[in-house]
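> below are the sequence and a predicted model; questions follow.
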Amino acid sequence: MANGQIGWVELHADDGDALGKFYETVFDWKIDRDPTMGGYVMFSDGQLAGGFAESMPKAAGHMYLLTEDIDQSLKAVEAAGGKTRKEKTLISEEIGSWAQFEDPQGNVMGLFQQVSR
């Protein structure tokens, strides 16, 4: 563990189970629905973990999820009930592209596709 490394992320969810299913479907996150924790649903993307909590404010695009294909990710987002907020936009040929989507509970998240090196 490194000092200052992000260790836990929380996103707003009126319905943690439903939002867990969205991220599980679109990004293959592992979802942990512990019945002893009420409506709090935990998730992990394999490296970073967190939870869905009603008490958290909605995210506004300050978190960017890495993807190998933004276009495919946006299609999966829409198929699972989310909305594209910002279409794929080139940052530069050397860096890559970004986009934003809104999940079914109103969190706005970014997508970042790095240039393959």
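Cool, got the structure. Numbering: from 1, shown residues only.
> pull the top strand by length along the chain out as CSV, backbone CA atoms only.
Using DSSP state E to define each element, the chain has its longest strand at strand 83-92. Only the C-alpha atoms of strand 83-92 are listed here, as CSV (Å, rounded to 0.1, in the frame of the first residue of the first chain):
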residue,chain,number,x,y,z
LYS,A,83,-27.0,7.5,-21.3
THR,A,84,-24.2,8.9,-23.2
ARG,A,85,-23.5,12.5,-21.9
LYS,A,86,-20.4,13.3,-24.0
GLU,A,87,-19.5,11.4,-27.2
LYS,A,88,-16.0,10.1,-27.8
THR,A,89,-13.6,13.0,-28.0
LEU,A,90,-10.0,12.9,-29.1
ILE,A,91,-7.6,14.4,-26.6
SER,A,92,-4.6,13.9,-28.9
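> which residues touch it?
Under the criterion C-beta atoms under 8 Å, 6 or more residues apart in numbering, residues 61, 70-71, 74, 77-78, 96-102, 108, 113 lie in contact with strand 83-92. For every residue, glycine as well, the C-beta is placed using N, CA and C.
> which one of those sits closest to Ser55?
Comparing the contacts of strand 83-92 against Ser55 with C-beta to C-beta places Val108 closest, at 18.4 Å.
> list the residues that contact the closest one.
Counting by C-beta under 8 Å, 6+ apart, Val108 touches Lys58, Ala59, Ala60, Gly61, Arg85, Gln100, Phe101, Glu102.
> per-residue confidence at the residue nearest to the second one when sequence neighbours are not counted?
In space, not counting the residues next to it along the chain, Ala59 is nearest to Asn107; the distance is 4.3 Å by C-beta to C-beta, 6 or more residues apart in numbering. Reported pLDDT at Asn107 in the predicted model: 93.
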